[in-house]
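Chemist: got a sequence here, can you model it:
(chains A and B)
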Number of protein chains: 2
Amino acid sequence: MSAHGWHADPSEILRVADGFRLSDVDPDGTPGYRGGKQHGVKDLAARVHELDELQERLWAGSRAGDRQDAVLLVLQAMDSAGKGGIVRHVVGGVDPQGVELAAFKSPTEEELAHDFLWRIERRLPAPGYIGVFDRSHYEDVLIGKVRSFAEPDEIERRYGAINDFEQRVVASGTRIVKVMLHISPEEQKERLMERLERPDKHWKYNPGDVDERMLWPRYMAAYQTALERTSTDAAPWYVVPANHKWYARLAVQELLLGVLQDIDPRWPEADFDVEAEKRRLAAS
Amino acid sequence: MSAHGWHADPSEILRVADGFRLSDVDPDGTPGYRGGKQHGVKDLAARVHELDELQERLWAGSRAGDRQDAVLLVLQAMDSAGKGGIVRHVVGGVDPQGVELAAFKSPTEEELAHDFLWRIERRLPAPGYIGVFDRSHYEDVLIGKVRSFAEPDEIERRYGAINDFEQRVVASGTRIVKVMLHISPEEQKERLMERLERPDKHWKYNPGDVDERMLWPRYMAAYQTALERTSTDAAPWYVVPANHKWYARLAVQELLLGVLQDIDPRWPEADFDVEAEKRRLAAS
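Modeler: Numbers count the residues shown, from 1 in each chain, chains lettered A, B, ... in the order given. The predicted model follows:
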C-alpha cells in the first residue's frame, strides 16, 4: 500500500475476481482513496517522477542486463471515458523514449484477413518499454459481439484464445494490466454535449458515438462477459470508476507503479572495466 | 520573433546558409537568447503547453479537416550531446498520442538489403503528428563516411538522394527541421566521465563511444560536408550550440514552435449538423 492518499490497494479492490458484477460498480466512486480532487491531483503530480524513473530502470535493465521485462497497459472504455487523458496525464509523465503506444481502430482489410490477434501481437511492447493499448483485442468481443461482426461461435472461441495469448505474453516477461474505465451513461451524455458546445472540440465528436450510446446495456453485458471470462491470474482486469477523471488517472498510475515496483528493476552492473575506461577516456 | 527571452529568431541565426563553417560555431554559446540558465529553464516550461496545443490543432486538422501537415524533427549529434534530453524535455511536453519517435540504430540485415532511405521512409510521421528521428539517414553520410561503410562514389550519390527525398517529403505536407546538437570534445569528455562515475549511468556508457570520440576531427569534417550539401530551402539544417543543455532545449523548442506557428493549424469546422446532434444526444 502506498504512503499517499490510498488506504487500500487498487490492485486488490478494483480487481475483477470471482462473482464480480459490473452493475455493482459505482462509476461515481473513488474507492480506496481518502482524499478529494485537490489532493488527488497533487498526488498524481507527486508520483510522475517515480513512474518515470522505474521505467528508466526497466529500460536500462533490458539494455545492459539480462532482463526481458516489459509492461503492457490495456485500456478499454465507452467513448469519452477518458482513455486519452490517461495517456496524456499518466503515461505522458514517462520519457517518450520508453513508451510504445498503439491505438487500435476499426481493422483494415489486411488486418481482417488475419486472425484477430495478428495485429495485436505486432504491437506488443519490446523489453524495457511500457506499452499502451488504446483499445485492443477486446474490441473483438465487445463491439464485435454487440454489432455481430462475428458468429457467436467465433466470439465464444475468442475468450479462450485471448487467455492463451495473454498467458504466453506474460510468460515472455511482459506484465499485463487491463483497465476498463467505467463511466455512467449520464456522465457520457455530459461529456459528449460539451464536445458539441465547444467549437474547439467538434473534431472529437462523431455522430456514430450516439449510435453506440443507444446500445449501452448491450455493451455493459458484453463487458460483463469479457471481464468474467478473461480476468486471469496472469492478466487480471481492473474496473476503474471514471466519472471523476482525477480518480481514474490516480488509480491507473497506482496500478502501473505497483507492477513496476513488483518487477523492482535495478540499474545493471557495467559489463566493462570501469576503471580501465576512465583511464582510456581521460587519455582521449 | 518570440515575446520571451529571444532577441533574434533561432530559425535565422542558427540556420546553415551559404558559407557556413561548423568550426566557427561556439558550442558554448547561447546566440539570440538574452537570459541565462534560470531564465531559460523557466521559458522552456512556459511554452510546453503552447507546443502541446499547436500539435493538438495539427492533429485535429488532419482528422476532421483536409490538411495533411506533419512536422519531422531530425536530431543528429555526437554521443552525449543531448538528443535524449531534447526528446524528454521538449517533445515530452506534447501529448504522447501526437508524437511518433523513431530511433535509428545500426541497420539490420534486412535494412542493409535495401537502399539506405528505405527504413527512413517507413518511419515518416503521418499527418497530424510530430515525428522525431533520433539519428537518421544522415548516419549514412556521417559514420558511413568516417568508417568507410560505403564507397566514396556511393557516399557522394547520397547527398543528392537525400535532397530529392526530403523535397518529396516536404511536398507531401511534412515540414522538416534538421538539428545538429553541437558540443565540444571537452564537454563530451566530462559527460562520458560522469557516466563512468555514476553506477546508475553505467548502462548508458559504451566503450565504443571512446573509439568514435578519437575520430572527432573526421566526424566534424563529415558533418561540415553533410551540412553544406543538404541544407536546402525545403529542409534547412540548424546547428544548435549544445554545451548548455538548457539553451539547446530552448532553441529546439523555439524552432518547433516557429514551424507550427507558420502552419497555423486551425480547429476544423464540424462536418455534421451541430444543433441536430445536440437534439439527438439530448434524447438519447
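Chemist: give me the phi and psi for the residue lying closest to residue A:116 once chain neighbours are set aside.
Modeler: Residue nearest to residue A:116 in three dimensions, not counting chain neighbours: residue A:140, with 4.3 Å by C-beta to C-beta, 6 or more residues apart in numbering or on different chains. Every residue, glycine included, has its C-beta placed from N, CA and C. Note on residue A:140: its backbone torsions stand at phi -80, psi -10 [degrees, to the nearest 10].
Chemist: ok, residue A:140 - contacts?
Modeler: For residue A:140, the contact set (C-beta atoms under 8 Å, 6 or more residues apart in numbering or on different chains) comprises A:116, A:149, A:150, A:155, A:158.
Chemist: make sure the first one is actually in contact with residue A:137.
Modeler: Yes - if you go by C-beta atoms under 8 Å, residue A:116 and residue A:137 touch, sitting 6.1 Å apart.
Chemist: residues touching residue A:248, list them.
Modeler: A:82, A:85, A:86, A:181, A:240, A:241, A:242.
Chemist: I figured the last one was touching residue A:183, is that so?
Modeler: Yes - taking contact to mean C-beta under 8 Å, the distance of 4.9 Å between residue A:242 and residue A:183 places them in contact.
Chemist: common neighbours of those two, please.
Modeler: The contact sets of residue A:242 and residue A:183 overlap at A:27, A:77, A:81, A:82 (C-beta under 8 Å, 6+ apart).
Chemist: show me which of those residues is closest to chain B.
Modeler: residue A:82 (13.0 Å; C-beta to the nearest C-beta).
Chemist: ok, back up a step: okay, the shared contacts of residue A:242 and residue A:183 in CSV with secondary structure, neighbour count and pLDDT next?
Modeler: Converted to CSV, these look like this (DSSP: H, G, I helix; E, B strand; the rest coil; neighbours: other C-beta atoms under 10 Å in any protein chain shown; pLDDT from 0 to 100):
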residue, secondary structure, neighbour count, pLDDT
A:27, coil, 20, 98
A:77, strand, 21, 98
A:81, coil, 25, 97
A:82, coil, 23, 97
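Chemist: more neighbours, residue A:242 and residue A:183?
Modeler: Shown here are residue A:242 and residue A:183; by other C-beta atoms under 10 Å in any protein chain shown, residue A:242 has more neighbours (29 against 24).
Chemist: from chain B, how far off is that one?
Modeler: Distance of residue A:242 to chain B, computed by C-beta to the nearest C-beta, to the nearest Å: 18 Å.
Chemist: can you check residue A:237 too?
Modeler: Plainly put, residue A:237 is 23 Å away from chain B if you go by C-beta to the nearest C-beta.
Chemist: run a quick neighbour tally on that residue.
Modeler: 25.
Chemist: ok, residue A:274 next?
Modeler: Neighbour tally, residue A:274, other C-beta under 10 Å: 14.
Chemist: and the nearest residue to it once chain neighbours are set aside, what does it touch?
Modeler: Of all residues not flanking residue A:274 in the chain, residue B:196 sits nearest, at 5.8 Å (C-beta to C-beta, 6+ apart). The contact partners of residue B:196, by C-beta under 8 Å, 6+ apart, come to A:274, A:277, A:278, A:281, B:202, B:205.
Chemist: list only buried entries from those.
Modeler: In the contacts of residue B:196, burial by neighbour count holds for A:277, A:281, B:202, B:205, counting by 16 or more other C-beta atoms under 10 Å in any protein chain shown.
Chemist: so what pLDDT did the third one get?
Modeler: The one in question is residue B:202. Per-residue pLDDT puts residue B:202 at 94.
Chemist: now swap in the second one and tell me
Modeler: Residue A:281 carries a pLDDT score of 97 in this model.
Chemist: from the chain's centroid, how far away is the helix or strand harbouring it?
Modeler: Per DSSP states H and E: residue A:281 is located in helix A:274-282. Offset of helix A:274-282 from its chain centre (C-alpha atoms, centre = their mean, to the nearest Å): 43 Å.
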